[in-house]
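Q: Requesting a structural model of the entry that follows:
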Amino acid sequence: MDKKQELPTYAFIDGQNLYQSIKEQGWILDHKKFRIYLRDKLHVQKAFYFVGYLQSQHRLYSNLQNSGYSLIFKKTLTISNGNVKGNVDAELVLNTMIQYHNFSTSVIVAGDGDYHCLLEYLEKTNKLKALIIPNKNKYSSLLKRFGNKRLFVSDLRGKLEYTPKK
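A: Residues are numbered from 1 along each chain as shown. Got it, this is the predicted structure:
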């Protein structure tokens, strides 16, 4: 068996892009169901979840870790209008490349065109298994060329939507 077949599949998730895109569609993603989907449908053994760090979100971070994600935090900045900024693009690209020799294939979760060069490289080296875009109706046109690898979280709403326990 060659070395590539022995290596696992890793997912790299832009948590902010995923959250905002799902929120704009008017629903809440069940992160535990999504992690199970990644494991069962795409055979993802390790899922890196990139997110800006806010002390107030400790409960969310615990839930994500308990659902099977490895969290990678970005320091956040409060900008002049009071909004908090924690763009994780550079961290996701850097960590994908740091992990590059540890996975056979990868799944990237984002709809942001800033990942285009990373996706091109992963595809060229046969390491891109899937690109999961949160919103089928709103994503960068740069990602259209990955048509044969694209999946959409919005198509999976029925399976992945959070439903409060009664």
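
Q: who are the neighbours in contact with Ile79?
A: The contact partners of Ile79, taken as CB atoms under 8 Å, 6 or more residues apart in numbering, are Lys85. Backbone N, C-alpha and C define where each C-beta goes, glycine included.

Q: what about it, distance to Asn87?
A: 11 Å (CB to CB, to the nearest Å).

Q: And the strands in the chain?
A: 9-14, 44-52, 69-74, 77-78, 84-85, 105-109, 128-133, 150-152 (DSSP state E).

Q: how about these in CSV, adding distance to Phe34 and mean neighbour count?
A: Compiled in CSV, the strands of the chain are given as follows (distance: least, CB to CB, whole Å; neighbours: other CB atoms under 10 Å):
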stretch, distance to Phe34, mean neighbour count
strand 9-14, 9, 25
strand 44-52, 9, 22
strand 69-74, 9, 18
strand 77-78, 28, 10
strand 84-85, 23, 12
strand 105-109, 9, 24
strand 128-133, 9, 22
strand 150-152, 12, 16
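
Q: weakest of the ones you listed by average pLDDT?
A: When these are compared by mean pLDDT, strand 84-85 comes last with a mean of 70.

Q: Can you tell me what sits against that one?
A: Strand 84-85 has contacts (CB under 8 Å, 6+ apart) with 52, 54, 76-79.

Q: just stretch 132-151 next, same as before
A: By CB under 8 Å, 6+ apart, the list of residues contacting stretch 132-151 from outside reads 17-18, 21-22, 24-25, 107-116, 119, 123, 128-131, 152-155.

Q: List the buried residues for that stretch?
A: For stretch 132-151, the neighbour count (16 or more other CB atoms under 10 Å) marks 132-135, 139, 143, 146, 149-151 as buried.

Q: and those residues, which two are the farthest apart?
A: The two members of these with the most space between them (CB to CB) are Asn135 and Lys149, at 16.7 Å.

Q: on that earlier part again, so which of the strands of the chain gets nearest His31?
A: Closest to His31 of the strands of the chain, according to CB to CB: strand 69-74, at 7.2 Å.
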